[in-house]
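A structural model of the following input is requested.
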Amino acid sequence: MRVDAADLERSLRDGLTARVADGTIALTARGRDRVAAAGGPAGRLVARRLDGDAADAAAVLVNDAESPLAWLFRRRGADGAPLVPEAEFRAGERLRIEFARAGLMPSVTSNWRTGLASAGGARGGPADATDAALAARDRVRRALDAVGPELSGILVDVCCFLKGLEAVEAERRWPARSAKVVLRLALARLAGHYDGPRPEARRSAPMRHWGAPDYRPEVNGGTAS
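Numbering: from 1, shown residues only. Here you go, the predicted model:
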């Protein structure tokens, strides 16, 4: 479900939604009451907007109660940490938002790979595809290419099509509890694509020193021979 930016700002002014610490916009108690009174979903609705989007860009309204990734993020392991770390959760949610903006949700097409293929070629895809949708398709294609064909499928299934891990295992005939392991690998690679290499992973530039021909470095207070 997409929400016009003007409507989103109006909901903020009316106290139906509020900005939270991580940059998302969530329903307030008043907003949840309004949704429930209108017969809307009972789950937690959150509007997410990608970093760097224009102020007038449309937001995407998602129901965290329906998201397997959000469930994993909320669930804690024996060590008290989320089953999916925040960076990987945000990467998966970013992919889902881009996927929706690209018009590749199941209600639009049953073959998302075909939709992505048109983004990599010449302009002139579906007649109703806007420039923003085409740009989103290109970003999705690049993200999934970075993850690789072995891991991109589970990202689409879980993050975009909201399939549960057990359903993924049944469809792919995987062993029980294996989907979570594969999903974590895929999310880690996706987060690396979005965030870039970690500072400690970047190779430092070689040190150079300009000196006279007779320069000798000092070692332990003395001059090296």
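
So which elements touch the strand or helix carrying residue 194?
Counting by DSSP states H and E, the element that carries residue 194 is helix 178-195. Secondary-structure packing of helix 178-195 (3 or more C-beta pairs under 8 Å, 6 or more residues apart in numbering; DSSP states H and E): helix 86-101, helix 131-147, helix 149-155, helix 165-172. (Glycine included, C-beta is placed from N, CA and C.)

How about residues contacting it?
Taking contacts as C-beta atoms under 8 Å, 6 or more residues apart in numbering, the residues outside helix 178-195 that touch it are 72, 83-84, 87-92, 94-95, 142-143, 146-148, 151-152, 154-155, 158, 165-166, 168-169, 172, 174.

how's the chain carved up into domains?
For the chain, automatic domain parsing gives the domain ranges 1-64, 67-197.

And the closest residue to residue 142 other than its chain neighbours, how far from residue 88?
With C-beta to C-beta, 6 or more residues apart in numbering as the criterion, residue 142 has its nearest non-adjacent residue at 7.9 Å, and that residue is residue 193. To residue 88, residue 193 is 12 Å away according to C-beta to C-beta, to the nearest Å.

So which of those two has more stuff around it?
For residue 193 and residue 88, the more surrounded residue by other C-beta atoms under 10 Å is residue 88, and the numbers stand at 23 against 16.

Can you get me a residue count around the closest residue to the more buried one other than its chain neighbours?
Computed as C-beta to C-beta, 6+ apart, the closest residue to residue 88 that is not its neighbour in sequence is residue 187, at 3.8 Å. By other C-beta under 10 Å, the residues close to residue 187 number 27.

Repeat that for residue 74.
Other residues close to residue 74 by other C-beta under 10 Å number 14.

pLDDT wise, what is it at?
Turning to residue 74, the model gives it a pLDDT of 86.

hang on, the earlier thing: I'd like the helices and strands packed on helix 178-195 laid out as TSV, including distance to residue 17.
Formatted as TSV, the helices and strands packed on helix 178-195 follow (distance: least, C-beta to C-beta, whole Å):
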stretch	distance to residue 17
helix 86-101	17
helix 131-147	22
helix 149-155	28
helix 165-172	30
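
Please identify the most buried of these.
Comparing the helices and strands packed on helix 178-195 by mean neighbour count (mean count of other C-beta atoms under 10 Å), helix 86-101 ranks first with a mean of 22.

That one - contacts with which helices or strands?
By 3+ C-beta pairs under 8 Å, 6+ apart, helix 86-101 packs against strand 59-63, helix 68-74, helix 131-147, helix 178-195.

and these, which one's lowest on average pLDDT?
strand 59-63 (a mean of 52).

Can you list the low-confidence ranges for this protein?
Counting by pLDDT under 70, the chain contains low-confidence residues at 1-8, 19-27, 31-66, 105-129, 197-225.
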